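Below are the sequence and a predicted model for it; my questions follow.
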Amino acid sequence: EDQVTQSPEALRLQEGESSSLNCSYTVSGLRGLFWYRQDPGKGPEFLFTLYSAGEEKEKERLKATLTKKESFLHITAPKPEDSATYLCAVRGGGYNKLIFGAGTRLAVHP
Amino acid sequence: GAVVSQHPSRVICKSGTSVKIECRSLDFQATTMFWYRQFPKQSLMLMATSNEGSKATYEQGVEKDKFLINHASLTLSTLTVTSAHPEDSSFYICSARDSPLRLAGGETQYFGPGTRLLVL
């Protein structure tokens, strides 16, 4: 069964304290791994799509990497405005829908 | 680019009434749209998938007669919650994808801002 597990469930960082969020997945024939950011009371905001192991993408303080079993979202020198829930999702096996993880709630304190 | 809008952003209604939520892709044509439901501090739960011009595919446990989905054009999908009850109160989010799946990989889904429904 296709599955996505995110860890940690919640993460508290001091401003400037770099860290990584993990997304482990089991999927038949990965056809895309997606990272989204969701603020309270809002819809998810697209961050990155990764398609194959070894691929990396960056945007401002965020960098996403992908292996055959997991993806990491690295946050470098985070700021309070990076506080949000980060969602990981995969699409595989020729099916239409995304399989979401439960998310990581990130809180960055000044 | 890739903006998805929803209307209304929040709605309060009386039990037994029907509520319609609109989802629009503003700068691209969405061949496939998705409707999700999200409870507080939980992840997104897919309710149904719709392709333009065809019937929606509902996930197991989602009542198709209660949650009516229409995807009449490449930029508009609607979700109608019929005879709403307090247990239908939730955060409803639509999502749109701009092209069919390709063999080389999956297209990105873009999400709307969500609609908060409160049924009294």
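Yep, that arrived.

Next, the distance between the ends of stretch B:35-47.
End-to-end distance of stretch B:35-47 (Cα to Cα, to the nearest Å): 6 Å.

same question for it, mean pLDDT?
In this model, stretch B:35-47 carries a mean pLDDT of 92.

show me what contacts the nearest residue to residue A:78 once chain neighbours are set aside?
Distance criterion Cβ to Cβ, 6 or more residues apart in numbering or on different chains; nearest residue to residue A:78, sequence neighbours excluded, is residue A:108 at 4.6 Å. C-betas here are computed from N, CA, C, even on glycine. Each residue near residue A:108 by Cβ atoms under 8 Å, 6 or more residues apart in numbering or on different chains is listed here: A:12-15, A:78-83.

Just the element for residue A:108, please.
With elements taken from DSSP states H and E, the one containing residue A:108 is strand A:104-109.

Given that strand, what are its sheet partners and their directions?
Its sheet considered, strand A:104-109 pairs with strand A:10-14 (parallel), strand A:84-92 (antiparallel) by DSSP bridges.

Please tell me how far the closest residue to residue B:66 other than its chain neighbours sits from residue B:55.
With sequence-adjacent residues excluded and distances taken as Cβ to Cβ, 6+ apart, residue B:66 is closest to residue B:82, at 5.6 Å. Distance, residue B:82 to residue B:55, by Cβ to Cβ, to the nearest Å: 16 Å.

and if you look at residue A:91?
Counting by Cβ to Cβ, the gap from residue A:91 to residue B:55 is 22 Å.

in chain A, which spans are strands?
According to DSSP state E, chain A carries its strands in the segments A:3-7, A:10-14, A:19-26, A:30-38, A:45-50, A:56-59, A:62-66, A:70-75, A:84-92, A:99-100, A:104-109.
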